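Novice: Predicted model, plus sequence, below.
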Amino acid sequence: MVVLVSMTPEFLLADEGKRLYPEDFNAYLVIGENGRVTVFSGKIEMGQGALTSQAQMVAEELGVQLASIDMVLGDTDRCPWDMGTFGSLTTRMFGPALRAASAQARLVLMTLAGERLGVPLERLVVRDGLVSVAGEPNRSVSYAELSRGARITRVVDRKAVLRAAADFNVMGTSPQRLDALEKVTGTARYAADIRLPGMLYARVLRPPMHGAARLTLDTSAAEGLAGVTVVARDDLVAVLHADPESAAKALELVRATWRQSAATPDPDTIFDHLIAKAAGFTEVAASGDTVVAQASAVQSFETTFQKGYVAHAALETHAALADFRDGRMTVWASTQTPFPARAGIATALGLSEANVRVITPLLGGGFGGKSAFGQAVEAARLAQIVRVPVQVAWTRAEEFFNDTFDPAAIVKITSGVDRAGKVLAWDYRVYAAGSRGTTLSYAIPNIRIRSAGKNSDAPGATTTDLHPFAVGPWRGPGANMNVFAAESQIDIMAAALKVDPLEFRIRNLTDARMIRVLKAAARVFGWPTVAKGGGRGYGLACCIDAGTYVATMAEVKVDAATGRIAVVRIVCAQDMGIVVNPEGARMQIEGGLMMGLGYALSEELQFRGGEILDRNFDSYELPRFSAAPRIEAMLVPNNELAPQGGGEPAIITTGAVLANAVFDAAGVRLLRLPMLPDRVLKAIAAKGSAPTGAHSADPTHQVRADASRAARIPSA
Amino acid sequence: MKASIKFQLNGKPAALDTEDDRMLLWVLRTDLGLTGTKYGCGEGICGACTVTVGGKAVRSCRTPIRNVAGKEVVTIEGLARGDTLHPLQQAFAEHGAFQCGFCTSGMLMSASAFLRESPRPSREAVVSHMDHNLCRCGAHQRIVDAIESVAIQHGTSP
């Protein structure tokens, strides 16, 4: 059988709007006879706080206590279809549907109450799920009495109006997270914590490298162990046991030989490989004429930026428990995409989607890495074969091996400025990162933005023609690289013109919202700063992502002897429209910045062709407590605007803000992420030997200027 | 080697007949159904599996079950006193010192052992002690704030 497309049409939908959320509010909530409200959402909780923020939206619009809500997330049998939890879309795209459904339910319940109480709707008030006549609290009826736990069939022929921010009681507040108690007491359940009677723990045989083909297989020694079941079906070889350590021992006894794969790139040669192999450019945006504009620029800047592969490295590895009975497959899976996972499992097993149920417990981190659901397919295939419940929980080494990495990428920018210090031309080419984050905040008249090469693979892919292993969305996909490059380039121009980087940005902005956010960050940070020296430096970066405006400022110290970068302080200001849960939003900012320290400073996957050399956290360095700066996360009020995305904007600025601060501190421009100590040292050494003190560092950076014209540019 | 191993688990006696080289993590999670202790790396690097043995924080993924014979083991499920949360649990909840929660059990067990030995640590000492517990969500600042708040309570209580 040739499977050309292993995805369902659902997964192919690039535009979430093409499959609409249900209109009927009964799809989202049911009010029990005990007054508790059960809410159904296809969005999952992976730490980002969506469990709490969605409950707040319902409590606000429906008019019930937050404590009366029970959330059911990511259960494909019970929740309305959803594409997946990624892209900072939950509050922005699903939120309006959830709020509208809750508001409609409130309107219908009030209509029913009015009929029951014999008063017009206008005279009723709702508080904590109790509808009463205004001024006559004794004349009341509860939601529970009206609904009695049943589907509410009554329809009213008008649409409820969402509550205004000024009237919010629950939205806009920061209650303790609804998952707090279970998470601090250890009772929170993740996929690997689910237990079923008779379940087996599976360990799956992995090739030594991506692209390797199995030549021989000998499972006889493993089969000799008591209690071991061996499955060898096509590409799937697994050993199963009632105890996970015995399964691991059995796997060690499985013998296989492999034909090595031919892929050869390593972390240094990958960039030439990607440029050579990335297919033609797609034009993302174009206006004016960059060629003509460059010719008239008083100064031109040509820079190449690079970034390596980065792992998701959620603390919870991918896990799933599959149970096949009566022709129906139920899979508890740590996945960000329960509905696409259902489709993927159905296809792999030859079942209809109606006979597959995916249930998503809490996730121990996702970051885009759990948009792929290979472990759920593995568990389901095994459970279908052995006919007992099967758990597949990847080891840390498997997690590194099977990850869909954030792709290595290259950005080449040629830009030019006019004599007033305004950016005139912006020619931008990105390889392998994709185009997210390439849209400019700045008002530049002549732009050309092009993108080449895939930045993600279909679910289940293990190799591609471009990358030596699978790549996929990683928190702020593409945008981390694109904003690192673009905001570095802006700083390079500001520095060459000897203009303060904040002043230079404001000079090139016409968007009042961005200027406001930059100024808000500057006020708290104290920009421009004065206390220089001692290896200290300050940087800033800004961008628009998921409808949110973000400006970040950082203080770093660069140790010129070791090349180590210490991040002292970060201020991040964000205008994200109406904020559902301010503390939750700040947690996302803080978390994004901390995670961003990794791709900026320490994380770069080591590999040789398709062989993944990082197998655990001893060699792959996540940001630790000792790397944590003081972070001040500020929300710039903007209740005029519907809620925007908050999971990714802050992390997207991290690479740029730190690179810019490092330049300020050490006078060296790091053009490749991560800014490992040896790269910093090399850049410092190169600066020392450079004849003109130009801030040029590996890989390439050129400034072309006509000195006589450049001299006339006014400095701030 | 098969052995009969007895120890105190969260204040109650526990007894198992099992291979004595099995790791405490898997005995807890599989045989005893205590899934609050997490597997994160399997090599004692990330700290998600931290429990206390005799009051000291250990990595249960690297602790053979024979090593806890006759000792007092406390897991996240035994940190609260009945319905009363441990002050650190309370502080983590109040400070939002977690996101996905997967490292939280290990963070709490590591911090609780630390504060028992060192009730009034400096912020630097907290950072230094916690440095070998990994958190991917980036809750670091709030975790340190939460631990520090309990340390200060300790310090000011009579």
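Specialist: That came through, no problem.

Novice: Who are the contact partners of the residue of the stretch 1-150 of chain A found nearest chain B?
Specialist: At 3.0 Å from chain B, residue A:47 is the closest residue in the stretch 1-150 of chain A, using Cβ to the nearest Cβ. Backbone N, C-alpha and C define where each C-beta goes, glycine included. For residue A:47, the set of contacting residues under the criterion of Cβ atoms under 8 Å, 6 or more residues apart in numbering or on different chains consists of A:363, A:364, A:365, A:366, A:591, B:98, B:99, B:100, B:101, B:102, B:137.

Novice: how about the closest residue in space to it that isn't next to it in sequence, phi and psi?
Specialist: Leaving aside its chain neighbours, residue A:47 sits nearest to residue B:100 (3.0 Å; criterion: Cβ to Cβ, 6 or more residues apart in numbering or on different chains). For residue B:100, the backbone dihedrals are phi -70, psi -20 (criterion: degrees, to the nearest 10).

Novice: what bits of chain A have low per-residue confidence?
Specialist: By pLDDT under 70, the low-scoring segments of chain A are A:1-18, A:457-464, A:530-531, A:690-716.

Novice: before we move on, back to that, which pair of the contacts of residue A:47 spans the longest distance?
Specialist: The distance between the two most remote of the contacts of residue A:47 (Cβ to Cβ) is 15.0 Å, for A:366 and B:98.

Novice: wait, is residue B:120 part of a helix?
Specialist: No - the assignment for residue B:120, made by DSSP: H, G, I helix; E, B strand; the rest coil, is coil rather than a helix.

Novice: Around chain B, which positions in the stretch 501-650 of chain A sit nearby?
Specialist: For the stretch 501-650 of chain A, the residues in contact with chain B under the definition Cβ under 8 Å from any Cβ of the partner chain are A:583-584, A:587, A:590-595, A:616-618, A:622-626, A:628, A:630-631.

Novice: Pull out the buried members of those residues.
Specialist: A:583-584, A:587, A:590-595, A:616-617, A:622-625, A:628, A:631 (16 or more other Cβ atoms under 10 Å in any protein chain shown).

Novice: Grab the nearest non-local neighbour of the residue of chain B found nearest chain A.
Specialist: Nearest to chain A, among the residues of chain B, is residue B:36, at 2.2 Å (Cβ to the nearest Cβ). Using Cβ to Cβ, 6+ apart and skipping residues adjacent in sequence, the residue nearest residue B:36 is residue A:186, 2.2 Å away.

Novice: The one you found and residue B:103: what is the separation?
Specialist: Counting by Cβ to Cβ, to the nearest Å, the separation of residue A:186 from residue B:103 is 12 Å.

Novice: higher neighbour count, the two?
Specialist: Here residue A:186 and residue B:103 are set side by side on neighbour count (other Cβ atoms under 10 Å in any protein chain shown), and the busier one is residue B:103, at 28 against 24.

Novice: list the contacts for that one?
Specialist: The contact partners of residue B:103, taken as Cβ under 8 Å, 6+ apart, are A:315, B:38, B:40, B:46, B:47, B:48, B:133, B:134, B:135, B:136, B:137.

Novice: State the distance from residue B:93 to residue A:206.
Specialist: 39 Å.

Novice: Who has more neighbours out of these two?
Specialist: Counting neighbours by other Cβ under 10 Å for residue B:93 and for residue A:206 shows that residue B:93 has the greater number, 21 against 18.

Novice: for chain B, which spans come out with low pLDDT?
Specialist: For chain B, residues meeting the criterion pLDDT under 70 lie at B:154-158.

Novice: rerun at 90
Specialist: Of all residues in chain B, those with pLDDT under 90 make up the ranges B:151-158.

Novice: can you tell me how far the closest residue to residue A:278 other than its chain neighbours sits from residue B:149?
Specialist: Distances taken as Cβ to Cβ, 6+ apart place residue A:453 nearest to residue A:278, at 3.1 Å, with adjacent residues excluded. With distances defined as Cβ to Cβ, the gap from residue A:453 to residue B:149 amounts to 48 Å.

Novice: Looking at the two, which has the bigger crowd around it?
Specialist: For residue A:453 versus residue B:149, neighbours defined as other Cβ under 10 Å are more numerous around residue A:453 (25 against 18).

Novice: separation between that one and residue A:283?
Specialist: In this structure, residue A:453 and residue A:283 are separated by 14 Å, where distance is defined by Cβ to Cβ.

Novice: Format the contacts of residue A:47 as TSV; extra columns: secondary structure and distance to residue A:657.
Specialist: Rendered in TSV, the data for these read as follows (DSSP: H, G, I helix; E, B strand; the rest coil; distance: Cβ to Cβ, whole Å):
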residue	secondary structure	distance to residue A:657
A:363	coil	28
A:364	coil	28
A:365	coil	23
A:366	coil	24
A:591	helix	16
B:98	coil	26
B:99	coil	22
B:100	coil	25
B:101	coil	28
B:102	coil	28
B:137	coil	20
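
Novice: Out of those residues, which comes closest to residue A:150?
Specialist: Using Cβ to Cβ, these come closest to residue A:150 at residue A:363, 32.2 Å.

Novice: residues contacting that closest one?
Specialist: The contact partners of residue A:363, by Cβ under 8 Å, 6+ apart, come to A:44-47, A:190-191, A:314, A:316, A:334-336, A:370, B:100.
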